[in-house]
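Engineer: A structural model of the following input is requested.
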Amino acid sequence: MQIERIASALTAYGTAWVLWLLLGLSVLSLAVILERGIMLWLSRDDVDKLGRELDADLGRGEREVALRRLEASPSFEARIARAALDAQGPNEAEERMVAMSQVVRLNLEQRLSVLGTLGNNAPFIGLLGTVIGVVRAFRALEGGAGQVSAGLMSEIGEALVATAVGLLVALPAVVAFNALTRIIRARVGRGEALSRLVLAHLKATV
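Structural biologist: Predicted coordinates:
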């Protein structure tokens with residue numbers, strides 16, 4: 001049957017192709033972690049200081065100065081606040097703030113799904129390698145008339161390695177996904193707090 005030929009083809013190459021696949025996925029995971037980490041690092045700013053300066057500028061009525069300060073900041077928090085400050089009134093400012101917060105969140109969360117997917121599924125890929133190794137071990141046992149041989153032990157060893165590698169790929173991806181998600185949530189929250197400060201000044205001038 002076709003399904004039997006497919007199963008035979010999968011087991012014929014042993015666990016090597018599974019290990020190579022996991023190696024490729026680990027490189028992909030590392031690339032995403034580095035890219036997101038560098039992006040977050042380059043877009044950092046002292047948001048507390050920025051908030052104090054913004055509060056002082058808007059309190060003096062220097063809206064243009066505050067706007068230039070936000071435009072000079074590389075942070076996503078400043079981008080959210082700038083969207084609110086560009087508005088003509090409090091209602092528009094609030095709508096702009098909500099819209100920009102969503103845009104910023106989407107930008108920050110780009111490619112995080114890769115880490116989530118790897119964290120959830122890499123162990124199952126490793127388990128597939130383990131199943132293939134066990135099947136080959138049973139075939140080696142059958143071919144050796146029930147005698148334990150070096151080939152049999154090798155197949156079992158490869159099966160266990162596949163499971164271990166799957167876990168090694170998944171764990172960093174899960175840790176990075178959770179850490180980046182917390183950082184993104186915090187940064188979006190700080191951006192919204194900064195824009196609320198702008199909104200308060202806009203309401204005070206109405």
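Engineer: How about the host helix or strand of Q102, which residues are buried there?
Structural biologist: Q102 is part of helix 90-108 when elements are defined by DSSP states H and E. By neighbour count on 16 or more other C-beta atoms under 10 Å, the buried set for helix 90-108 is P90, A93, E94, R96, M97, M100, S101, V104, R105, L108. In this view, the C-beta of every residue, glycine as well, is placed from N, C-alpha and C.
Engineer: Just name the closest of these to V131, please.
Structural biologist: Set against V131, the nearest of the buried residues of helix 90-108 by C-beta to C-beta is L108 (37.8 Å).
Engineer: And the closest one, how close does it get to V188?
Structural biologist: 7 Å (C-beta to C-beta, to the nearest Å).
Engineer: any shared contact partners between the two?
Structural biologist: Counting by C-beta atoms under 8 Å, 6 or more residues apart in numbering, the contacts common to L108 and V188 are F76.
Engineer: Output the buried residues of helix 90-108 as TSV; include the columns pLDDT and distance to G51.
Structural biologist: Formatted as TSV, the buried residues of helix 90-108 follow (pLDDT from 0 to 100; distance: C-beta to C-beta, whole Å):
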residue	pLDDT	distance to G51
P90	81	19
A93	84	16
E94	87	18
R96	88	18
M97	89	15
M100	92	17
S101	92	16
V104	93	17
R105	93	20
L108	93	20
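Engineer: of these, closest to A179?
Structural biologist: The closest of the buried residues of helix 90-108, once distances to A179 are taken by C-beta to C-beta, is L108, at 12.9 Å.
Engineer: ok so, going back, now for the helix holding Q102, which elements pack on it?
Structural biologist: helix 76-85, helix 150-204 (3 or more C-beta pairs under 8 Å, 6 or more residues apart in numbering; DSSP states H and E).
Engineer: which one of these has the lowest average pLDDT?
Structural biologist: By mean pLDDT, the lowest-scoring of these turns out to be helix 150-204, with a mean of 85.
Engineer: helices and strands around it, which ones?
Structural biologist: helix 16-42, helix 47-59, helix 76-85, helix 90-108, helix 112-143.
Engineer: Tell me what angle the second one forms with helix 150-204.
Structural biologist: Angle, helix 47-59 to helix 150-204, by axes from the mean of the first three to the mean of the last three C-alpha atoms, to 10 degrees: 20 degrees.
Engineer: Helix or strand next in line after helix 47-59, which one?
Structural biologist: Sequence order places helix 63-72 as the next helix or strand after helix 47-59, per DSSP H and E.
Engineer: mind listing what's buried in that following helix?
Structural biologist: Neighbour-count burial for helix 63-72 [16+ other C-beta under 10 Å]: A66, L67, R69, L70.
Engineer: go on, stretch 114-123?
Structural biologist: V114, L115, L118, G119, A122, P123.
Engineer: Stretch 45-62 now?
Structural biologist: V47, L50, G51, E53, L54, D55, D57, L58.
Engineer: which residues are in contact with it?
Structural biologist: Here stretch 45-62 has contacts from 63, 65-66, 69-70, 73-75, 77-78, 81, 190, 193-194, 197-198, 201, 205, using C-beta under 8 Å, 6+ apart.
Engineer: Derive a PyMOL selection command for the buried subset of those.
Structural biologist: Per 16+ other C-beta under 10 Å, the buried members of the contacts of stretch 45-62 correspond to this PyMOL selection:
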select buried, resi 66+69+70+73+75+77+78+81+190+194+197+198+201
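Engineer: Many thanks, I have nothing further to ask.
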